[in-house]
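Student: Fold the following, please.
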Amino acid sequence: MISVGDKRLGSRSDAATRETLIAELESLVAELESNVKSSPTGAANMGQRKNIYIVPSERRLLMWSAVSIFLCLGAAVCVRAQDAKQSNDESWSITRDTAVANCNPMRTTESHSKSGNRTVDTQRVEVLGLDKRYQPSFETEAETTQVDATTKRTVVRTYTWDGNGRRQLWRITEEESQTTPNGGANVVRKTSAADVNGSVQVVQREVQDTRKIGSNVEETTSTVSRPDSYGGFSQSEQTQELKTRGVDEIVQATKTRLVPDGNGNWKVAEVTENSIRDDGKNRTTDERILQLDLEGRLYEKSRTVSNETETATGEKKSTVETYSDYVPGYRYSSEHLNQRVTTIQKKGAGGEVIEGQIEQPSAGNPHDSPKVTMTTKYVVKYGFAGTEQSKTVEQRDGGGNFYVVSVETQKSDKVSAAQKP
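Tutor: You can find the predicted model right below:
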């Protein structure tokens, strides 16, 4: 599977495929949550749904734990992706068991296979049912074909299971990307969804074009179209991104999102500004998101600053600080620190350990120094035929004590680059 935490790997077409997968999973989770909340008897009647067992209030805890793991272990995920890219293995599989407080255990199975110009990645999520057996919840299959030296075609299918245990197609995304001789790229993406009768219809089309307009300047434009009331498709969103590589390996990027204004014109909805400095060992990223206020003027809504460093011994440290104009306990005004995520990665001959923590201001006393609210520990052990991994997430309760909210174990037959002679 394509790693969520990876921010450095892959070509533009690979990144587009990764964003497609993430969007599919996020959309599916949102729909599952909606189904749960619409249940007439709430949590007391959860057992009647064979493929959903997560209580709504605890689901938020689960998602928060998952997001925390991704944030705290982004560096480790990046290493995993690099290992996979360097590996000559044609196939591998991963089995991951996750236990979250007050939620039914989950099991995630991933597999990767490559044959010739065709690659297939699958992920299936199962939830332990009331009969103590794992019931499939959803499955994603991504099939990528390298048509020729410049053309790649990817099809992502997402399946769910109905109350009778039958698998049904929920959504399909088809993407074709082409690189151009001058270093540009063209991507055409079509998303289709199944209705209540199982009929599949196109719900979104996207065209993305990247071209070089200078030796160090790259421009990317994207247009999204959705079904309109006339039976056709109308443009619903545009994005324009300008990326410039300057001196000292500094990359500046400005991305503008446009939406229709109702009068046949386009108006700015959001602007994202990025500044990245990377010398191979140290990396600093500064991202600012600007939105429109009630008077139509742009203002800074949030800011994220991240620093990644690596010592001579290979120890890596990452700090990500998020600032927002809304922080519990503060009035809407200037930005304040909303969250700080710190991770330290240490590698040894037999494996690696990544420890992380999340610091947040207190809602009751926001002016006090941020306190650690969550910790994570990620342990990887190298074996002859693969790796074994464990993740533990602890959260602080109201009394200041930490308790375990999530435990995850993983076994893989994929041999990482660090294990090879």
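Student: Point out where this structure drops to low pLDDT.
Tutor: The chain contains residues with pLDDT under 70 at 1-89, 327-333, 364, 366, 416-421.
Student: from what I can see Gly350 touches Lys381, true?
Tutor: Yes - counting by Cβ atoms under 8 Å, Gly350 does reach Lys381; the two are 6.4 Å apart. C-beta here means a position set from N, CA and C on the backbone, and glycine is covered the same way.
Student: can you pull the buried residues of stretch 245-256?
Tutor: Val251, Ala253, Thr254, Lys255, Thr256 (16 or more other Cβ atoms under 10 Å).
Student: same thing with stretch 399-410?
Tutor: Val405, Ser406, Val407, Glu408, Gln410.
Student: Need phi/psi at the last one.
Tutor: So the one you mean is Gln410. Here is the backbone geometry of Gln410 (degrees, to the nearest 10): phi -140, psi 140.
Student: Contacts only, for it.
Tutor: Gln410 makes contacts with Ile94, Thr95, Arg96, Asp97, Thr387, Glu388, Gln389, Ser390, Lys391, as judged by Cβ atoms under 8 Å, 6 or more residues apart in numbering.
Student: Just the buried subset of these, please.
Tutor: Using 16+ other Cβ under 10 Å, the buried ones in these are Ile94, Arg96, Asp97, Thr387, Gln389, Lys391.
Student: Out of these, name the ones that lie in strands.
Tutor: Among the buried ones among the contacts of Gln410, the ones falling in strands (DSSP state E) are Ile94, Arg96, Asp97, Thr387, Gln389, Lys391.
Student: name the helices or strands packed onto the lengthiest strand in the chain?
Tutor: Longest strand in the chain by number of residues (criterion: DSSP E): strand 200-214. Judged by 3 or more Cβ pairs under 8 Å, 6 or more residues apart in numbering; DSSP states H and E, the packing partners of strand 200-214 are strand 185-194, strand 217-227.
Student: Mind checking those strands for the one nearest to Gln345?
Tutor: Of all the helices and strands packed on strand 200-214, strand 217-227 sits nearest to Gln345, with 30.9 Å by Cβ to Cβ.
Student: What's the first helix or strand after the closest one?
Tutor: Next helix or strand after strand 217-227 toward the C-terminus (DSSP states H and E): strand 233-245.
Student: The very next helix or strand once past that following strand - which strands sit beside it in the sheet, and in what orientation?
Tutor: Sequence-wise, the next helix or strand beyond strand 233-245 is strand 250-260, with elements assigned using DSSP H and E. Paired with strand 250-260 in the same sheet, following DSSP bridges, are strand 233-245 (antiparallel), strand 266-278 (antiparallel).
Student: Of all these, which one is nearest Arg211?
Tutor: Nearest to Arg211, of these and by Cβ to Cβ, is strand 233-245 at 11.2 Å.
Student: and that closest one with strand 217-227, angle?
Tutor: Interaxial angle of strand 233-245 relative to strand 217-227 (axes from the mean of the first three to the mean of the last three Cα atoms, to 10 degrees): 160 degrees.
Student: how far is the helix or strand containing Ser137 from where the chain is centred?
Tutor: Here Ser137 sits within strand 134-146, counting by DSSP H and E. On the basis of Cα atoms, centre = their mean, to the nearest Å, strand 134-146 sits 16 Å off its chain's mean C-alpha point.
Student: Pull out the buried residues from the following helix or strand past it.
Tutor: Using DSSP H and E, the next helix or strand after strand 134-146 towards the C-terminus is strand 151-161. Residues Lys152, Arg153, Thr154, Val156, Arg157, Thr158, Tyr159, Thr160, Trp161 are the ones in strand 151-161 that count as buried (16+ other Cβ under 10 Å).
Student: What residues are recorded as beta-bridge partners of the last one?
Tutor: Put plainly, it is Trp161. Under the criterion used (DSSP bridges), Trp161 bridges to Arg167.
Student: Quick check, it in contact with Phe138.
Tutor: Yes - counting by Cβ under 8 Å, Phe138 is a contact partner of Trp161 at 7.4 Å.
Student: which one of the buried residues of stretch 245-256 is nearest Gln208?
Tutor: Lys255 (12.3 Å).
Student: show me the contacts for that closest one.
Tutor: Lys255 touches Thr239, Gln240, Glu241, Val271, Thr272, Glu273, Asn274, counting by Cβ under 8 Å, 6+ apart.
Student: Which residue ranges of the stretch 251-400 of the chain form strands?
Tutor: With DSSP state E, counting those that start in this stretch as the criterion, the stretch 251-400 of the chain has strands at 266-278, 283-292, 298-310, 316-324, 336-348, 351-360, 371-383, 386-396.
Student: quick one: contacts of the fourth one?
Tutor: The reference is to strand 316-324. 71, 74-75, 301-310, 335-345.
Student: Return a PyMOL selection command for the buried portion of those.
Tutor: In PyMOL, this line selects whichever of the contacts of strand 316-324 come out buried by 16+ other Cβ under 10 Å:
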select buried, resi 71+74+75+301+302+303+304+305+306+307+308+310+335+336+337+338+339+340+341+342+343+345
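Student: Thr284 bridge partners, please.
Tutor: Under the criterion used (DSSP bridges), Thr284 bridges to Arg277, Asn307.
Student: Then Lys255?
Tutor: Glu241, Thr272.
Student: go on, Val127?
Tutor: Applying DSSP bridges, one finds that Val127 bridges with Met106, Gln135.
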